[in-house]
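S.K.: One predicted model, sequence on top.
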Amino acid sequence: MKTTQLLIIDPQNDFMDIAGAALPVKGAGADMARLAAFIDAAASQIGQITVTLDSHHSVGIERAAMWISQSGQPVAPFTSIKAADVRAGNYRPRDRAALPRVQAYLEALEAGSRYTLMVWPVHCEIGTWGCNVEESVRAAYNRWERASLRPVRKVFKGMNAWTENYSALQAEVPDPQDPATQLNTGLIAQLDAAERIVIGGEASSHCVRATTEHLADNLPSRRIDKIVLLSDCMSPVPGFEAQADAFIATMRSRGALVTTSREYLQTPG
């Protein structure tokens with residue numbers, strides 16, 4: 001097995017399909033069990049582990065508390081809001097002074113052709129149980145830390161309330177006033193130093209997808225073939241299975257390896 005960088009995307013309690021999770025992803029618990037087993041089995045070949053952590057406030061542009069409907073009613077989670085909806089008055093920010101900023105954000109977001117704004121349940125709020133790493137993965141990477149004497153790199157994302165941050169490498173609409181929302185070229189270069197970049201985490205339809213796309217688009221080496229997606233260590237947000245399937249198919253067509261954790265461990269070299 002080649003020198004490996006393991007990139008674990010948002011392996012947090014709020015995405016697990018367990019009681020108390022704010023945004024459960026069906027199959028996530030089993031995904032993390034397989035990922036933990038992979039860390040233990042491949043420990044001697046892993047040169048570095050990077051864990052991204054969705055880290056939010058209770059309010060933000062993609063939170064229900066930001067919005068109100070035309071009739072003055074609260075906006076429910078899983079509501080999609082487009083720039084045209086705001087122009088038409090179907091939805092507006094509760095803070096009327098924020099309207100120009102919100103309108104400009106939605107226009108810029110849709111111009112990027114990646115996502116439209118989705119109102120999500122409050123999840124991965126900083127300081128809560130839901131923001132913590134799922135226990136089996138945390139225990140496995142702690143074992144790796146003790147064996148290698150190298151700390152796991154933690155990357156926080158999502159703390160800017162005025163932009164969405166599915167990707168750990170760049171916000172959907174970077175904020176010129178916030179360097180943390182810009183493309184993280186330093187992290188990309190560090191990941192690119194490995195012979196293989198093995199990726200697992202949640203969810204394949206959103207944060208895994210967005211991070212992997214930014215990585216593939218910006219690798220200094222241009223070697224998308226070094227990206228490995230562990231298909232049995234990620235699952236889509238319910239209702240977004242088609243987006244996840246399209247992402248996997250596109251990455252495979254671009255040269256990334258899509259395989260299971262067990263199959264990868266059996267790969268020579």
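M.R.: Sure, I can see it. Numbering: from 1, shown residues only.
S.K.: Could I get the full set of strands for the stretch 101-250 of the chain?
M.R.: Counting by DSSP state E, counting those that start in this stretch, the segments of the stretch 101-250 of the chain that form strands are 117-118, 153-157, 196-201, 227-230.
S.K.: Please name whichever of these is nearest to His56.
M.R.: In terms of Cβ to Cβ, the element of the strands of the stretch 101-250 of the chain nearest to His56 is strand 153-157, at 9.2 Å. For every residue, glycine as well, the C-beta is placed using N, CA and C.
S.K.: got the contact list for the closest one?
M.R.: 48-55, 165, 167-168, 171, 184, 187 (Cβ atoms under 8 Å, 6 or more residues apart in numbering).
S.K.: Please identify the buried residues of that strand?
M.R.: Buried residues in strand 153-157, counted by 16 or more other Cβ atoms under 10 Å: Val155, Lys157.
S.K.: Kindly report the same for stretch 26-44.
M.R.: For stretch 26-44, the buried set under the neighbour-count rule, 16+ other Cβ under 10 Å, comprises 27-29, 31-32, 34-39, 42-43.
S.K.: ok, now stretch 169-181?
M.R.: Result for stretch 169-181 [16+ other Cβ under 10 Å]: buried residues Leu169, Gln170, Ala171, Glu172, Val173, Pro174, Thr181.
S.K.: I'd like those residues laid out as TSV, including pLDDT.
M.R.: Below are the buried residues of stretch 169-181 laid out as TSV (pLDDT from 0 to 100):
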residue	pLDDT
Leu169	98
Gln170	98
Ala171	98
Glu172	97
Val173	97
Pro174	97
Thr181	98
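S.K.: Make CSV out of the strands of the stretch 101-250 of the chain and add distance to Leu219.
M.R.: Formatted as CSV, those follow (distance: least, Cβ to Cβ, whole Å):
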stretch, distance to Leu219
strand 117-118, 28
strand 153-157, 17
strand 196-201, 9
strand 227-230, 8
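S.K.: Do you have the helices of the stretch 51-200 of the chain handy? List them.
M.R.: 83-87, 99-111, 135-148, 185-192 (DSSP state H, counting those that start in this stretch).
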